[in-house]
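Novice: quick one, structure for this:
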Amino acid sequence: MNATAGPEALFLSTLEAVTGLRADLGVVINAVNALSADGQPGLATQLYKVWIACNRDSPLAPAAYFNLGVVQSAAGDLVGSKESLESALAIDPDFYPAHINLGMLLEKTGAVDQGVAQWQGMVARLAPLSGPSIDYKLTAIKQIGRVLIDNRRASLAEAWLGQALEIRAEQRDVLEQFIALRMSQCKWPIIAPSERVDRATLMSGISPLSMASYTDDPMLQLATSKRYVEIAVNETSDAPDADRRDAPIDLSGRRLRVGYVSSDLREHAIGYLMAELFEVHDKAKVEVFAYYCGKDPQGGITDRIKAAVEHWVDITGMDDATATRQIAADGIDILVDVNGLTRHARTAVFARRPAPIQVNWLGFPGSMASPYHQYIIADDWIIPEESEIYYSEKVLRLPCYQPNDRKRVVAERPTRASVGLPDDAFVFCCFNGAQKFTHFHFDRWLEILRRSPGSVLWLLEVDAEVNARLAAYAEARGIAPDRLVFAPKMANPHHLARYALADLFLDTTPYGAHTTASDALWLGVPVLTLSGRGFAARVCGSLVRAAGLPEMICETAEAYVERAVALAADPAEVAALKARLEANRATCDLFNMELLVERLEALYDAMRRAHQDGQRPRPDLTNLDAYFAIGVAQDHEAVEWRALEDYAGLYRASFAQRSRMRPIPPDNRLWTAEEAARAG
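Specialist: Numbering: from 1, shown residues only. Below you'll find the model as predicted:
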């Protein structure tokens with residue numbers, strides 16, 4: 001049977017062989033693959049159905065039903081696919097691929113609980129120990145965990161993923177999700193080793209984004225990013241024709257072409273921050289491209305961005321090579337990564353270098369630690385000169401790193417009573433995600449409440465279990481649970497409207513408020529922040545300073561607590577701070593989008609000129625594996641790392657000890673040539 005023949009001829013010849021009992025399943029599979037590639041799913045399904053009818057007693061019948069289900073699902077026949085998968089399992093209940101696919105099909109049709117039950121049943125059948133059964137069991141468990149996470153059942157998801165780690169600890173994707181789940185539920189300590197999963201394994205599995213919340217250790221954060229990029233990013237050279245790293249940038253007769261790659265140009269924190277940026281961009285200087293790679297873009301924010309940019313290109317459905325070629329064909333000069341190492345990122349596109357200049361900005365609070373991101377945009381508070389050692393990219397700075405939207409839609413302000421707040425209390429609030437809470441910082445909040453009689457702490461609701469856990473934690477430390485008030489999630493205009501009911505926003509550390517701080521400051525609520533060493537630990541300080549309240553930045557935990565307590569006892573000072581925010585709103589750097597865009601475009605031009613002059617930054621990744629090994633060996637929950645007096649000394653001492661066993665070449669960070677020589 002000739003697979004190069006037309007689809008109808010191929011179908012008829014294969015059908016003749018099947019009915020004459022001259023075609024094994026492999027022949028049918030080859031023909032089906034060719035027919036499916038030719039856009040003929042109807043003929044493909046018919047071949048499987050005829051083969052099954054002629055071979056009902058074949059031991060391969062379950063596989064044929066399974067393959068039929070796959071073709072039907074791809075063609076949109078979900079009912080037929082479900083029936084085929086059920087038929088496969090009716091013949092062979094231990095045909096595990098059918099269990100996996102049937103569970104996914106049930107999830108796809110909205111029957112989430114039935115899908116989970118399907119996988120749970122499969123897990124129960126896989127009690128006997130064997131290599132294949134373990135692999136199938138892990139696949140089913142991971143599917144269960146994924147669906148439970150997507151449906152906000154964090155505690156159950158954690159339990160299932162914990163079971164997967166007990167079976168096989170070295171699973172990067174499971175470790176990342178497991179740690180992130182514990183952080184989002186405030187399950188302290190976050191790193192809880194078991195008999196089969198040790199501390200080093202758990203620490204090594206923390207994602208770059210979670211690491212920013214876990215510890216204020218910027219060297220470990222940098223090294224974690226480098227390790228993640230090496231392991232998780234597909235750096236296959238499958239689009240060499242689109243590699244434009246050395247392309248000249250000749251602006252004769254055209255504008256600079258800037259492309260922004262993001263999955264979040266929608267109803268998302270990044271979308272809210274960037275909407276006005278696109279509107280203010282000087283289209284006489286810059287031709288703006290938005291490359292979208294997220295969920296179906298819908299809503300007012302997406303509509304605004306689409307209207308503001310000159311080119312909106314949805315690359316969500318493109319593979320990395322195709323997306324790379326699209327960007328290269330557009331002739332992009334500067335490609336800005338607005339995802340970084342976050343969900344739905346297209347880091348592999350940047351690895352293929354479709355633009356001569358590639359920039360890390362806004363979407364990820366730290367260094368990409370990749371060979372293909374040449375610049376990071378920050379400001380002089382977030383990355384002071386002495387902190388450049390924590391970044392692989394060349395640092396460029398704006399007056400304030402974060403753009404903002406002065407067209408925020410804010411609903412009518414509710415009353416305190418309507419949102420469950422006491423009318424006469426001093427209201428501390430923090431609307432940061434619970435994954436940013438550490439036990440060190442939560443204890444500080446409880447101390448502030450203890451010393452501020454009649455005050456309450458207003459937090460964003462997670463779920464009933466997490467709310468109860470935090471309330472119980474407070475009660476065990478002498479704070480009445482009703483002094484924690486939880487705000488349910490709601491549409492952004494209504495969420496913004498309730499900010500003004502608070503007296504003081506208390507920031508978190510080591511991952512502070514970003515969009516939430518800007519929202520509070522825009523709505524006239526002072527923000528008290530505790531700055532640290534790392535990027536995420538310093539963003540809020542940048543925003544507070546840019547809003548005109550530099551005295552609200554604290555350098556020590558003691559100063560943070562004292563300042564909060566003093567403000568709670570001094571309503572006149574709080575009122576004065578609110579009045580300053582109101583007066584500064586129209587002129588301060590934080591909300592001066594014209595200034596930000598002017599300086600941003602100047603940075604882009606400086607990058608272009610440097611590229612044309614041959615001054616192309618080369619990311620420095622020296623010794624980051626050693627920094628990672630040292631960092632993950634520490635217990636970051638026994639001692640708060642932001643408070644370490646000799647942070648650099650800890651790393652240098654560890655380097656010296658390691659170098660005595662196996663010499664480590666110096667780098668441009670903490671292990672300098674002088675330190676290496678001293679270690680001998």
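Novice: quick one, helices of the stretch 401-550 of the chain?
Specialist: When assigned using DSSP state H, counting those that start in this stretch, the helices of the stretch 401-550 of the chain occupy the ranges 439-450, 464-476, 492-499, 515-522, 539-546.
Novice: now those helices as TSV including distance to residue 615?
Specialist: No exception for glycine: its C-beta is placed from N, CA and C like everyone else's. Formatted as TSV, those follow (distance: least, C-beta to C-beta, whole Å):
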stretch	distance to residue 615
helix 439-450	42
helix 464-476	50
helix 492-499	42
helix 515-522	34
helix 539-546	27
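Novice: between those, which one is closest to residue 410.
Specialist: helix 492-499 (4.7 Å; C-beta to C-beta).
Novice: the closest one vs helix 515-522, what angle?
Specialist: 60 degrees (axes from the mean of the first three to the mean of the last three C-alpha atoms, to 10 degrees).
Novice: buried residues, helix 492-499. List them.
Specialist: For helix 492-499, a neighbour-count test (16 or more other C-beta atoms under 10 Å) marks 492, 494, 495, 496, 497, 498, 499 as buried.
Novice: for it, packing partners?
Specialist: Applying 3 or more C-beta pairs under 8 Å, 6 or more residues apart in numbering; DSSP states H and E, one finds that helix 492-499 makes contact with helix 515-522.
Novice: for the helix it packs on, the averaged confidence score.
Specialist: Average pLDDT, helix 515-522: 98.
Novice: what's it packed up against?
Specialist: When contacts are defined as 3+ C-beta pairs under 8 Å, 6+ apart, helix 515-522 sits against helix 269-280, helix 492-499, strand 504-506, strand 527-530, helix 539-546.
Novice: returning to that earlier point: winner for burial among the helices of the stretch 401-550 of the chain?
Specialist: Across these, the average number of neighbours (mean count of other C-beta atoms under 10 Å) peaks for helix 539-546, which reaches a mean of 28.
Novice: quick one: residues in contact with that one.
Specialist: With C-beta atoms under 8 Å, 6 or more residues apart in numbering as the test, helix 539-546 has contacts from 365, 379, 381-382, 399-402, 507, 512-514, 517-518, 521, 527, 529, 531, 550, 552-553, 588-590.
Novice: tell me the buried residues in the helix or strand in which residue 652 is found?
Specialist: Taking DSSP states H and E as the definition, residue 652 sits inside helix 647-661. For helix 647-661, a neighbour-count test (16+ other C-beta under 10 Å) marks 647, 650, 651, 652, 654, 655, 656, 658, 659 as buried.
Novice: among the residues you listed, which two are most distant?
Specialist: 647 and 659 (19.0 Å).
Novice: so what's residue 297 scoring on pLDDT?
Specialist: 82.
Novice: show the contacting residues for the spatially closest residue to it that is not a sequence neighbour.
Specialist: Among residues not flanking residue 297 along the chain, residue 266 sits closest, at 5.0 Å (C-beta to C-beta, 6 or more residues apart in numbering). Listed by C-beta under 8 Å, 6+ apart, the contact partners of residue 266 are 294, 295, 297, 298, 299, 301, 302.
Novice: where does residue 266 land in three-state SS?
Specialist: Using DSSP: H, G, I helix; E, B strand; the rest coil, the structure places residue 266 in coil.
Novice: from residue 301, how far out is it?
Specialist: Distance of residue 266 to residue 301, given as C-beta to C-beta, to the nearest Å: 6 Å.
Novice: same question for residue 237.
Specialist: From residue 237 across to residue 301, the span is 36 Å (C-beta to C-beta).
Novice: can you check residue 363 too?
Specialist: Applying C-beta to C-beta to residue 363 and residue 301 gives a distance of 15 Å.
Novice: quick one: the strands in the stretch 201-350 of the chain?
Specialist: For the stretch 201-350 of the chain, the strands defined by DSSP state E, counting those that start in this stretch cover 256-262, 286-292, 311-314, 334-337.
Novice: would you turn the ones you listed into a markdown table with mean neighbour count, mean pLDDT and distance to residue 64?
Specialist: What follows is the strands of the stretch 201-350 of the chain, written out as a markdown table (neighbours: other C-beta atoms under 10 Å; pLDDT from 0 to 100; distance: least, C-beta to C-beta, whole Å):
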| stretch | mean neighbour count | mean pLDDT | distance to residue 64 |
| --- | --- | --- | --- |
| strand 256-262 | 25 | 98 | 42 |
| strand 286-292 | 23 | 98 | 40 |
| strand 311-314 | 15 | 98 | 37 |
| strand 334-337 | 26 | 98 | 45 |
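Novice: can I get those in TSV with distance to residue 22?
Specialist: Below are these laid out as TSV (distance: least, C-beta to C-beta, whole Å):
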stretch	distance to residue 22
strand 256-262	53
strand 286-292	51
strand 311-314	47
strand 334-337	55
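Novice: quick one on the thing from earlier: and residue 237 and residue 301? Which one has more around it.
Specialist: residue 301 (23 against 10; other C-beta atoms under 10 Å).
Novice: ok now do that one, which residues does it touch?
Specialist: So residue 301 contacts 265, 266, 267, 268, 271, 272, 275 (C-beta under 8 Å, 6+ apart).
Novice: skipping adjacent residues, who's closest to it in space?
Specialist: residue 271 (4.3 Å).
Novice: from what I see, the one you found and residue 264 are in contact.
Specialist: Yes: here residue 271 reaches residue 264: they are 5.6 Å apart, a contact under C-beta atoms under 8 Å.
Novice: where does pLDDT dip in the stretch 101-250 of the chain?
Specialist: 127-131 (pLDDT under 70).
Novice: next: the chain.
Specialist: Ranges of the chain meeting pLDDT under 70: 1-5, 23, 127-131.
Novice: list the contacts of the residue nearest to the spatial centre of it.
Specialist: The centroid of the chain falls nearest to residue 342 when counting by C-alpha atoms, centre = their mean (2.5 Å). Residues near residue 342 by C-beta under 8 Å, 6+ apart: 209, 263, 363, 364.
Novice: which of those residues are buried? Put it as a PyMOL command.
Specialist: Restricted to buried positions by 16+ other C-beta under 10 Å, the PyMOL selection for the contacts of residue 342 reads:
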select buried, resi 209+263+363+364
